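Participant: Everything below, folded, please.
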Amino acid sequence: MNYVLLSQFEFTLENFNIINLISFTLVGLSLILFLKDNSLYNKVRNRKITEAFEENKNNILIEKCKLILFVVVLSLAIIVTYCTKGYVLFNVTMMTLSVLIVPIFEELFFREYIWNYLSNFIKSKSKIICITSILSGIYNIGYIDVIRNYVILYNNSSYTFEVIISKIMIGTVFGIVLGLVKYRFRDVGFCILLRSLFAIFIR
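Facilitator: Numbering: from 1, shown residues only. Purely as a prediction, here's the structure:
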């Protein structure tokens, strides 16, 4: 998929990054659609969402925190988009992908589907947090062709290795934080908002 998209554009770092985001999103959405009717992923999910709703529906503080966080994320996204040099359309596209689409996909996939799938077999929440965090960290690398393209772009395999390791480490640390939030509040919406906030600061 990346090869087809890149063949239509000039091979630059900016085009490479935006095509990666599009590619990851399309693959991720396909996985979510494929897994959504699987009982191993949805059985626990439905029960936990219902429980979380019943426990939190009267908790005004939690809803206020989510609203405040949403306003902060939206405000920062708008400010960063229009303060970043370059084409406005490109900045808006990148911000939409990295702060909206990708966080929604990643958190639904790792902190919802994978989390609930593992809950069928693993009782320890700390193990589930570790596994989902490592998986999401590794996912940040991308596919094999992404690594090859990084080598071509940077023309330095050792530097590429450092970039890959840093992506894994950052993704894993973020995954642990988001896993703890998921465990504490049992609300993937919080995870999505925090993931969006992280995306703004690491741009």
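Participant: and the next element down the chain from whichever helix in the chain runs longest?
Facilitator: Identified as the longest helix of the chain according to DSSP state H is helix 157-185. Using DSSP states H and E, the next helix or strand after helix 157-185 towards the C-terminus is helix 188-201.
Participant: Which secondary structure elements does that following helix sit against?
Facilitator: On a contact count with 3 or more Cβ pairs under 8 Å, 6 or more residues apart in numbering; DSSP states H and E, helix 188-201 meets helix 60-83, helix 102-108, helix 157-185. Every residue, glycine included, has its C-beta placed from N, CA and C.
Participant: What angle do helix 60-83 and it make with each other?
Facilitator: Per axes from the mean of the first three to the mean of the last three Cα atoms, to 10 degrees, the angle that helix 188-201 makes with helix 60-83 is 30 degrees.
Participant: Name the residues of helix 188-201 that are buried.
Facilitator: Within helix 188-201, the residues that count as buried by 16 or more other Cβ atoms under 10 Å are 188, 190, 191, 192, 193, 194, 195, 196, 197, 198, 199, 200.
Participant: Likewise for stretch 163-172?
Facilitator: 163, 164, 167, 168, 171, 172.
Participant: Check stretch 176-185 too.
Facilitator: 176, 177, 178, 179, 181, 182, 185.
Participant: Residue 119: which of these is nearest?
Facilitator: Lowest distance from residue 119 to the buried residues of stretch 176-185 (Cβ to Cβ) belongs to residue 182, with 11.1 Å.
Participant: now the closest one: how far from residue 81?
Facilitator: Distance check for residue 182 against residue 81: by Cβ to Cβ, to the nearest Å, it reads 28 Å.
Participant: can you put the buried residues of stretch 176-185 in a markdown table and add distance to residue 75 and pLDDT?
Facilitator: Below are these laid out as a markdown table (distance: Cβ to Cβ, whole Å; pLDDT from 0 to 100):
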| residue | distance to residue 75 | pLDDT |
| --- | --- | --- |
| 176 | 27 | 96 |
| 177 | 21 | 95 |
| 178 | 21 | 95 |
| 179 | 26 | 95 |
| 181 | 21 | 92 |
| 182 | 25 | 92 |
| 185 | 22 | 85 |
